[in-house]
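Asker: Provided below for reference: sequence and predicted model.
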Amino acid sequence: MSPQAPRRLHCPTCGKPVEWSDAFPHRPFCSERCRLIDLGQWAAERYRIPGDGDEPPPRSGDPRDEEP
Ligand SMILES: [Zn+2]
């Protein structure tokens, strides 16, 4: 069996090494600050996406209702 070494990863925000253990309650972020920063960026990304209302209007009813 492999030794129970804690999983290592890197903080997605600042790139610091983070251990997947209770020593890092904000994992995968190194700190709450980095977690909030990442959340903020994520939200900003979402809001930046332009809402295009180019969807075609839904057809009403099924084709059988259409006149020949
Ligand atoms: Zn960090």
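Answerer: Looks like it came in fine.
Asker: use CA for all of it now, contacts and neighbours both
Answerer: Noted.
Asker: Run through the helices of the chain in chain order.
Answerer: In the chain, helices defined by DSSP state H lie at 32-48, listed in chain order.
Asker: what residues does it put near the ion?
Answerer: In this structure, the chain approaches the ion at residues 11, 14, 30, 34, judged by C-alpha under 5 Å from the ion.
Asker: can you list these in CSV and add pLDDT, neighbour count and distance to Gly61?
Answerer: Below are the residues of the chain next to the ion laid out as CSV (pLDDT from 0 to 100; neighbours: other C-alpha atoms under 10 Å; distance: C-alpha to C-alpha, whole Å):
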residue, pLDDT, neighbour count, distance to Gly61
Cys11, 96, 20, 51
Cys14, 96, 14, 53
Cys30, 96, 23, 54
Cys34, 96, 19, 50
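Asker: how about the worst-scoring helix or strand of the chain on mean pLDDT: buried residues?
Answerer: Here the helix or strand of the chain ranked lowest by mean pLDDT, DSSP states H and E is helix 32-48, holding a mean of 87. Along helix 32-48, these residues count as buried under the neighbour rule (16 or more other C-alpha atoms under 10 Å): 34-35, 38.
Asker: what sits against the closest residue in space to Phe24 that isn't next to it in sequence?
Answerer: Sequence neighbours aside, Cys30 is the residue nearest to Phe24 in space, at 6.4 Å (criterion: C-alpha to C-alpha, 6 or more residues apart in numbering). The neighbours of Cys30, taking C-alpha atoms under 8 Å, 6 or more residues apart in numbering as the test, are 10-11, 16-18, 24.
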